[in-house]
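Student: Let's see this in three dimensions:
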Amino acid sequence: MFQLTPMVRNLLIANVVVFIASKYLLPLDFLALYPVGSPAFGVWQVVTYMFMHANGAHIFSNMIGLVSLGPLLEQRWGAKRFLTFWLICGVGAGVLYDGLRTYEVHRMGQQLEAFRAAPTDLNLLDFVETNIPQLVDTYKSSAYELHKNPGNTYVVQQTLAQFDSLYQGSLNGPMVGASGALFGIMLAFAWLFPNTELVVFPIPIPIKAKYFVVLYGLYEFAFGIHRVPGDNVAHFAHLGGMLVGFLVLLVWQRNRKRLY
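Tutor: So this is what the prediction gives:
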C-alpha cells in the first residue's frame, strides 16, 4: 500500500481532477502544449500540459510512478522543494521538447513549400527522408514516376495532399502528460536512493534504481532517434525531464541545498 505524502497526494488529486474535467469541461486546445507556430499555442501551456493526459492508461502509468517514487523524495526534501522540482522538470521538459518540435515543424514547412514550388523527385525524397524516413520505400515509386515524367499532375497532387496533411498534423498536434516531470523524479530517486530495488511491472525481477534509470534513459534515446510507425510518445520530452532534473540537482548540490 502506498504511503502518500501531502504534496504527492495533492499532485495526484490535481491530475485526476484535470483529467476528468478535460473529458467534459476543459478545451484541449487551451491546456495542451502546441508548437510555437501553431494558432493554438499559448505560453501558459508549458505548465498546464503536464496536468493533461491522453487517456486512462496514460494518467495511470504517470500517477503510479508519482506515488511510487515521490513520497521518499518529499520526505527527504519537504513538500515545497518537491513541488518546485516537479514543476521545474515538467516545465523544462515542455520547453525543450516544444523547441525541438517547433524547429522540426518549421523545417517540414520549408521542405513542403520547396516541393510545392518545384515538385521534383529530389525534393520529394528530401521531404520523406527528413520527416518520415520509415516510409522512404513507400515513396520511391512516386519519386521514380516524377523522375520519368516531371510534373506528373496526379503524382504531384496526391503527394502534396499527403505531405500537407502530415504538416498540419505536426503543426496542430498537442503534447500532454506529466511524463517530463516524472522522469525528473525518476532521476532524482536514482540519485538519492541508487541502490533501492524496484520491481517494474510486468517484470517480476527487482532492479536497482540507478540501473533502471540508465536503462530507461537509453531506451527513450533509442526510440527517440529511431521512431517507429504509430509511436506517438514524446521520448525526447522524457529525456528533457531527466536532463533538467540532473541540472537542478547539480545546482542544489553546488549551493549546498539539503539533498542528503
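Student: Can you give me the domain boundaries for this structure?
Tutor: In terms of domains, the chain is parsed into 6-101+174-254, 113-171 (source: automatic domain parsing).
Student: Would you mind putting those into TSV with distance to R107 and mean neighbour count alongside?
Tutor: Placement of C-beta: from N, CA and C, glycine included. Shown next, in TSV, are the domains of the chain (distance: least, Cβ to Cβ, whole Å; neighbours: other Cβ atoms under 10 Å):
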stretch	distance to R107	mean neighbour count
domain 6-101+174-254	11	18
domain 113-171	7	15
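Student: Mean pLDDT lowest where, among these?
Tutor: With a mean of 88, domain 6-101+174-254 has the lowest mean pLDDT of the domains of the chain.
Student: how far out from the middle of the chain is that one?
Tutor: Distance, stretch centre to chain centre, for domain 6-101+174-254: 9 Å (Cα atoms, centre = their mean, to the nearest Å).
Student: now stretch 143-159
Tutor: The answer for stretch 143-159 is 36 Å, by Cα atoms, centre = their mean.
Student: Same question for stretch 119-128.
Tutor: So, by Cα atoms, centre = their mean, the centroid of stretch 119-128 is 28 Å from its chain's centroid.
Student: For Y216, see how far away A190 is.
Tutor: 9 Å (Cβ to Cβ, to the nearest Å).
Student: meant to ask about I20, not that
Tutor: For I20 relative to Y216 (Cβ to Cβ), the value is 29 Å.
Student: Tell me how far the most centrally placed residue in the chain lies from E197.
Tutor: What sits nearest the mean C-alpha location of the chain, by Cα atoms, centre = their mean, is A234, with 2.7 Å. Here A234 is placed at a distance of 29 Å from E197 (Cβ to Cβ).
Student: ok, then the element right after the biggest helix by length in the chain?
Tutor: Scanning the chain for the helix with the most residues, using DSSP state H, yields helix 79-117. Heading C-terminal from helix 79-117, the first helix or strand you meet, by DSSP states H and E, is helix 121-131.
Student: Show me where the stretch 101-250 of the chain has its helices.
Tutor: Under the criterion DSSP state H, counting those that start in this stretch, helices of the stretch 101-250 of the chain are mapped to 121-131, 136-148, 153-171, 179-192, 209-225, 235-254.
Student: right, and those - which one's nearest L12?
Tutor: helix 179-192 (12.0 Å; Cβ to Cβ).
Student: Report the angle between the closest one and helix 79-117.
Tutor: 130 degrees (axes from the mean of the first three to the mean of the last three Cα atoms, to 10 degrees).
Student: So which other helices or strands are in contact with helix 179-192?
Tutor: For helix 179-192, the packing partners by 3 or more Cβ pairs under 8 Å, 6 or more residues apart in numbering; DSSP states H and E come out as helix 56-77, helix 79-117, helix 209-225, helix 235-254.
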